[in-house]
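Enquirer: Pasting the sequence and the predicted model now:
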Amino acid sequence: MNFFFVNFASFFNRSTRKTILKLYHNHFKTISNFVMFFSHHRMIPFKDITIDDADKIGRLLKMSNIPGCDFSFATIFCWLELYKTKFTIQNDFLLLRYQADGLWQYMPPIGNGDLRYTLQTMLDDAAERNEPFAIGACTPELFGPISDAMPEKFFFTEKRDQFEYIYSREKLATLTGKNLQAKRNHINRFIAKYPDFSYEPLNGNCKHECMDLYDAWAAQHQKENPQSDLSLERKSVEKAMLHFEDFGLRGITLRINGKSVAFAFGEKIGNTFIVHTEKTHPDFRDAYAMINKLTAEHLASDCLYINREEDMGIPSLRTAKLQYHPISFLRKGIIRIKNSIRFDIAHATPADNEQIKTLWHDIFGDEMAFIDHFFEKIYQNKHTWVATSDEKIAASAQLLPYTLLTQDGRELKAAYLFCVMTDKRFRHFGIMEQLLNKAISEQRDNGCDLFFLIPANEYAIKYYEKFGFRQCLGTSASKINGSLPGLGAKTSKSTDEIYNFYCESQIGRSGVLLSETQFTFAYEQLLQEGAEVYENGRCLSIVKGDILVGVIGKSETDENEIYSKIGSNSTLCNLPGMALITNPAIDYGQIGGIRLKFLYEI
């Protein structure tokens, strides 16, 4: 205290000291509140997290009563390299700050102090750092008190990809019921195939063996998903193994002929067991069902529920988790300030081009050479809408003009939604929804009959359904598993000759009619990516690697003949197409089944 007053005395002049001391005596009961008052507009002193912080952080995390992975010290510590999480304990609250999706966010404050005051210090901290304010990993239960503390200040948006799956422990242990019959069949086949299997607790004797198993799984995963980077996940598993007992983790390993073929570990929070990691050796994929059952039987025997964490928006993972029929979700989302972002929506201008290119590269990862080529050949500002905030482009979308030929011979004016993107820093403000509504409304008023797109995933399908889009179109490609019978020899036709052949093939047929510029861009891009073109007199077949991208035939019968010839040697990959009709004289039956050829997703 003496040190404080020495510095206090030297910092202010005499008149100011008298005023402040009078204020202190009249309004502050403790020196800590006094210090906090004058620290109010400074950055919060967040610190790096070390293993020595486990007890104090863990103790406060338990006060949340949330049985979720984000409220586990083990999760926070093991994923430090990814999320760069930092902490402080201030005003009787645990405050955590982390980075996700390129945005610094706060965890919901946990504690028993003055929540309104603490929220204000967090708002001031974000402002001091010149960062948009966001509280992530928030549940509806935690949002309630935050909203009550500052009424009309915040809004909460749920993020489906972050929902955690909650199951009945008993159901996963017994697999009773008709809806789990398939899982019981997996277990029965596993027991019949490996009658001498065994299992044991995951402890120091088998941790290295489990890491070897992880590496085998990771090698296969990266072979199937070349773009994935598992280095940070491996570090997280390694750290969990190193501090297994410190974190109070429980684990189990499954063995066949003495070899570890699967393992799982997690921790108990309240009446719920959270499964943090579960891996199976790629040579024993049928062990997944068994390790899942063993976890429920032995690791979670003293719990009512099992939390198998998020699906991260990965379709295959979502399907796998839903197949076990969760009884509920731990719903999570993000808190933002109401009306905190002001933005303008308008057509792009040439001055926006470089920002649009950079955002495209950052969001979709396309090479700048391709983006520059697209801007040179296809891009037009009049077909592009942008939302700008303080001269920064927050979101952008292109509505490219096409002609759509219907099955009854009509030509419709259509727009293809392309390169729909929002800067990660500006997501969850509803910016794209407003941008698309404005763009679609303007195009409709200008005579556009319909809008169409090819959604990237299930989340995108759900998103565009909100605007009225329906799944009624489609595109497809065939993955070739063997030889290419009936395709003919490589063509010597020029691009112009192939475009003329394409135009002739569209006479009297339904589909998207590409202009010469649109077709040439798509076709030459395929050639640049290594595609080859074969002809047999009546059809041109475009093949890229082991993918039959498409067939241009003089008739639909000719095209179907090609597909039938390679049928047994190929796997058809269908992609859904969605459309929104804005012309009341047209119905969805008139465009149903139309195939979309040679668009930019191919």
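Expert: Arrived safely. Being a predicted model, the structure only gives us computed values, none of them experimental.

Enquirer: Please count neighbours and contacts with C-alpha atoms only from this point.
Expert: OK.

Enquirer: wait, isn't Gly248 in contact with Ile269?
Expert: No - the criterion here is Cα atoms under 8 Å, and Gly248 misses it with Ile269 at 10.3 Å.

Enquirer: Of these two, which one has the most company?
Expert: Ile269 (18 against 11; other Cα atoms under 10 Å).

Enquirer: That one: what's its closest spatial neighbour, skipping adjacent residues?
Expert: In space, and not counting its chain neighbours, Ile269 is closest to Pro67: 5.5 Å by Cα to Cα, 6 or more residues apart in numbering.

Enquirer: name the element Ile461 belongs to?
Expert: Using DSSP states H and E, Ile461 maps to helix 458-465.

Enquirer: Give me the contact list for that helix.
Expert: The contact list for helix 458-465, computed with Cα atoms under 8 Å, 6 or more residues apart in numbering, reads Gly313, Pro315, Pro455.

Enquirer: okay, those in a markdown table with pLDDT and secondary structure next?
Expert: As requested, the contacts of helix 458-465 are exported to a markdown table (pLDDT from 0 to 100; DSSP: H, G, I helix; E, B strand; the rest coil):
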| residue | pLDDT | secondary structure |
| --- | --- | --- |
| Gly313 | 84 | coil |
| Pro315 | 82 | helix |
| Pro455 | 89 | coil |
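
Enquirer: what's next to the stretch of helix or strand Ala320 belongs to, contact-wise?
Expert: Using DSSP H and E, Ala320 sits in helix 315-322. For helix 315-322, the external contacting residues (Cα under 8 Å, 6+ apart) are Tyr165, Arg308, Asp311, Asn457, Glu458.

Enquirer: got a winner among the residues you listed for most neighbours?
Expert: That'd be Tyr165 among the contacts of helix 315-322, by other Cα under 10 Å, with 24 neighbours.

Enquirer: quick one: that residue from His325, how far?
Expert: 9 Å (Cα to Cα, to the nearest Å).

Enquirer: check contacts around Gln105.
Expert: Contacts of Gln105 (Cα under 8 Å, 6+ apart): Arg97, Tyr98, Gln99, Phe133, Ala134, Ile135, Gly136.

Enquirer: cutoff 10 Å now
Expert: Counting by Cα atoms under 10 Å, 6 or more residues apart in numbering, Gln105 makes contact with 83, 85, 96-99, 126, 131-137, 334-335.

Enquirer: cool, and Thr491?
Expert: Neighbours of Thr491 in contact, by Cα under 10 Å, 6+ apart: Ile498, Glu532, Val533, Tyr534, Glu535, Asn536, Gly537, Leu540, Ser541.

Enquirer: Which of the contacts of Gln105 fall within strands?
Expert: Leu96, Arg97, Tyr98, Gln99, Ile135, Gly136, Ala137, Ile334, Ile335 (DSSP state E).

Enquirer: could I get these as CSV with neighbour count?
Expert: What follows is those, written out as CSV (neighbours: other Cα atoms under 10 Å):
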residue, neighbour count
Leu96, 22
Arg97, 20
Tyr98, 19
Gln99, 16
Ile135, 23
Gly136, 25
Ala137, 22
Ile334, 22
Ile335, 26
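
Enquirer: circling back to that earlier point, show me what the following helix or strand past the helix holding Ala320 packs onto, helices and strands only.
Expert: Under the assignment DSSP H and E, the closest C-terminal helix or strand after helix 315-322 is strand 328-330. Here strand 328-330 touches strand 164-168, strand 305-307, going by 3 or more Cα pairs under 10 Å, 6 or more residues apart in numbering; DSSP states H and E.
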